[in-house]
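Asks: Model the structure of this input:
(2 chains, ligands or ions: 2)
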Amino acid sequence: MTDNAPAVVPPKSGFLGRNRETLLRTLIPICVVICLVFLWQFIITVNSIPQYILPGPLAVANSLYNDWGTLSPALWVTTQITMQALALALIGGVGIAIFLVQSKWIETAFYPITVILQVTPIVAIAPLILIYAPTTQVALLICAFLVAFFPILSNMVQGLKSVDHNLLNLYDLYGASRWQTLLYLKLPSSLPYFMTGLRIGGGLALIAAVVAEFAAGSAGAGSGLAFRLLESQYRLNIPRLFAALVLLSLLGVVIFAITSFISWFFLHRWHESSLKREN
Amino acid sequence: MSTSQAPLIPAPGDARKRPLVVMRSVSKMFSSGTLALSDMSLTVEGGEFVSLLGPSGCGKSTALRIIAGLGDVSTGTIDWPSSRINSKGLPEGDISFVFQEPTLMPWQTVFGNVYLPLKLRGVSKSAAREEIMKTLATVGLQDFADAYPRELSGGMKMRVSIARALVTKPKLLLMDEPFAALDEITRQKLNDDVLRLWRETGITVIFVTHSVFESAYLSNRIVVMKARPGRVHADFPLKTSMSRDAHYRTSEDYRQACEKVSNMLLEAIGGEEH
Ligand SMILES: Nc1ncnc2c1ncn2[C@@H]1O[C@H](COP(=O)(O)OP(=O)(O)OP(=O)(O)O)[C@@H](O)[C@H]1O
Ligand SMILES: [Mg+2]
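Replies: Numbering: from 1, shown residues only, chains lettered A, B, ... in the order given. Ligands and ions are numbered 1, 2, ... in the order given. From the prediction side, this is the model:
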């Protein structure tokens, strides 16, 4: 032991964090997943369970490799639909939220309609959308958009309405225009709400893209991962079904990671939700 | 904060002794049916330091907001005789407000928060920089320009709020219990800072407080309000030849001032109970 007092260094922090604790936080779940995969393969091998009942991870990996030619275009289609739907939902959600909060009357007139649309299970109108939309692709896009749109809208409306009243008073006092108040005060202060909407909307867009494709059934010939899933089921190609599932869940993880990163990036300097409590 | 700062702006002689705000028989009824103010008249002249006291809920904040032009009056009139009036009938750029809470934008740095009033007037950041840094220096925060509000203590946030109020060089500074949430030492320090600014810049201050001692220390005029409905109960000057410093706090003048304010406040509260 030395009797030198240790130099005081500020604790580091970042999105992934550089300290031991966050390292463990990422390593432990990864180890658990790897262990589970091994256990899965072990059970399959020991009990010699046939592939058409439950394929092992090796068989799934094999299928992923061999069927990459059919799976990758499907992955691309699903990714595209999800991302486009999310982008449209962001633009639409924020735009309409801004429109709704312009006056009490506009909100009174339109908000109930948006709520009715929101509580209607989207799968129920998917067949209708399939009839009206020019192509299945467009129908899927509309479904995913509708589902992702509402959490963004309602979060944004909430955010725009929960601006600190005294800050609003301050903007009034300094003669800020409507536009300045929106740009400098309302939008930044609803950013945390927007980010919540983004994270929820991102997840829902993927779910809706898949569900809508299920609803489209064979009508959605040759498109996304959900179609490949159904197709594999008909053909009893269970390893490929699992491979499609793995890709879907990876896509979900990637979307989650991206939206979380965006949220962290824009909020970490000032918002409580992104701060580690440090007393 | 050091007390050896150069004055911000020379005291504008002509702004003194001219009414800045004239409230005539103002009543304010909220849509909930609460009559917050009834027949309240108040004239504040340039260069005054007015403390506004009264029991909780008597309408001090409401009166202050009306003086700032925020929210309209139900009956009566409010005028700002020495201000330029804009198209909305409100005084332009002459009034600043310090709220009870610091009311900073958490997504902006200290610099960004103080820049706000100038930004809303269309002053570019580079043109405003010098003025902002000077104002931050007067509240002792020049080294914290790039800090975010969450990195500051309560007293520092309050000083940012004061800097934001001063950066436009207002004629009238309205403060609504600005230091209520702070500890006694910080509070006394900030009181001295406000006094120094008042002396050096010739600014007019209307200061809402619950503290008899604070009002007796700071102001040269006291307005005591009565509740339900809010109206002026007493309005009197506090005259002293002494400069307001540590010695003043232990002087006989100060003791008498405290006693007078305290009696008026008790009267106002007592009248409410019968
Ligand atoms: N926005 C509002 N809507 C309805 N009533 C209000 C509103 N603001 C204030 N009031 C009422 O008006 C009265 C005066 O309120 P005000 O905030 O001006 O009191 P105050 O003197 O500042 O009190 P305090 O010392 O506790 O801050 C209170 O009875 C309050 O309930
Ligand atoms: Mg108040």
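
Asks: neighbours of the closest residue to ligand 1 within the stretch 151-279 of chain A, just the number please.
Replies: When Cβ to the nearest ligand atom is the measure, the stretch 151-279 of chain A has its nearest residue to ligand 1 at residue A:165, with 8.8 Å between them. Any C-beta I mention is one placed from the backbone N, CA and C, and that applies to glycine too. Under the neighbour criterion other Cβ atoms under 10 Å in any protein chain shown, residue A:165 is assigned a count of 10.

Asks: For the residue in the stretch 1-150 of chain A that ligand 1 sits nearest to, grab the count of nearby residues.
Replies: Residue nearest to ligand 1 within the stretch 1-150 of chain A: residue A:104 (15.7 Å; Cβ to the nearest ligand atom). When counting by other Cβ under 10 Å, one arrives at 8 neighbours for residue A:104.

Asks: Also the one 10 residues further on?
Replies: Other residues near residue A:114 number 18, with proximity taken as other Cβ under 10 Å.

Asks: Distance check, it against residue A:107.
Replies: Counting by Cβ to Cβ, to the nearest Å, the separation of residue A:114 from residue A:107 is 10 Å.

Asks: what is in contact with those two at once?
Replies: Counting by Cβ atoms under 8 Å, 6 or more residues apart in numbering or on different chains, the residues touching both residue A:114 and residue A:107 are residue A:100.

Asks: got the contact list for residue 215?
Replies: Just going to use chain A. Contacts for residue A:215 (Cβ under 8 Å, 6+ apart) come out as A:123, A:126, A:127, A:130, A:143.

Asks: Chain B was what I was after
Replies: By Cβ under 8 Å, 6+ apart, the contact list for residue B:215 reads B:51, B:53, B:207, B:209, B:222, B:261.

Asks: From chain A, how far out is residue B:117?
Replies: Between residue B:117 and chain A the distance is 5 Å, computed by Cβ to the nearest Cβ, to the nearest Å.

Asks: give me every residue that touches residue B:176.
Replies: Counted by Cβ under 8 Å, 6+ apart, residue B:176 has contacts B:60, B:61, B:64, B:97, B:98, B:99, B:100, B:208.

Asks: Could you give the secondary structure assignment for residue B:50?
Replies: Each residue gets one of three states, and residue B:50 gets strand by DSSP: H, G, I helix; E, B strand; the rest coil.

Asks: do the same with residue B:25
Replies: Classification of residue B:25 using three-state DSSP returns strand.

Asks: what's the answer for residue A:50, then?
Replies: Classified using three-state DSSP, residue A:50 is coil.

Asks: so who does it touch?
Replies: For residue A:50, the contact set (Cβ under 8 Å, 6+ apart) is empty.

Asks: Model confidence for it, exactly?
Replies: Here the pLDDT value assigned to residue A:50 is 86.

Asks: and if you look at residue A:230?
Replies: Among the per-residue scores, residue A:230 shows a pLDDT of 87.

Asks: Same question for residue A:7.
Replies: Model confidence at residue A:7, given as pLDDT, is 63.

Asks: What residues of stretch A:142-157 count as buried?
Replies: Judged by neighbour count using 16 or more other Cβ atoms under 10 Å in any protein chain shown, the buried positions of stretch A:142-157 are A:142-157.

Asks: Name the single longest helix found in the chain.
Replies: In the absence of a named chain, chain A is used. The longest helix of chain A (DSSP state H) is helix A:68-100.

Asks: meant chain B actually
Replies: Scanning chain B for the helix with the most residues, using DSSP H, yields helix B:252-273.

Asks: Could I get the average pLDDT for that one?
Replies: Average pLDDT, helix B:252-273: 74.

Asks: tell me which of the contacts of residue B:215 is nearest to residue A:41?
Replies: Nearest to residue A:41, judged by Cβ to Cβ, of the contacts of residue B:215 is residue B:209 at 73.9 Å.

Asks: how about the nearest residue to that closest one, chain neighbours excluded?
Replies: Excluding its sequence neighbours, the residue lying closest to residue B:209 (Cβ to Cβ, 6 or more residues apart in numbering or on different chains) is residue B:215, at 5.3 Å.

Asks: quick one on the thing from earlier: contacts only, for the residue of the stretch 151-279 of chain A closest to ligand 1.
Replies: Taking Cβ under 8 Å, 6+ apart as the test, residue A:165 contacts no residue whatsoever.

Asks: Need the pLDDT of it.
Replies: pLDDT at residue A:165 comes out at 90.

Asks: Please apply the same query to residue B:178.
Replies: Reading off the confidence values, residue B:178 has pLDDT 85.

Asks: so it, which of the three states?
Replies: Following three-state DSSP, residue B:178 is assigned to coil.

Asks: got the CA positions of stretch B:85-92 in CSV?
Replies: Taking Å, rounded to 0.1, in the frame of the first residue of the first chain, the C-alpha atoms of stretch B:85-92 are listed here in CSV:
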residue,chain,number,x,y,z
ILE,B,85,-46.4,50.2,-26.3
ASN,B,86,-46.5,47.5,-28.9
SER,B,87,-49.4,46.4,-31.1
LYS,B,88,-50.7,44.1,-28.4
GLY,B,89,-51.0,47.1,-26.0
LEU,B,90,-48.1,45.8,-24.0
PRO,B,91,-44.9,47.6,-22.9
GLU,B,92,-42.0,46.6,-25.1
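
Asks: Report the buried residues of that stretch.
Replies: Neighbour-count burial for stretch B:85-92, counted by 16+ other Cβ under 10 Å, picks out B:90, B:91, B:92.

Asks: do stretch B:89-108 and ligand 1 meet at all?
Replies: No: in this structure, stretch B:89-108 remains apart from ligand 1 according to Cβ under 6 Å from any ligand atom; the gap is never smaller than 7.4 Å.
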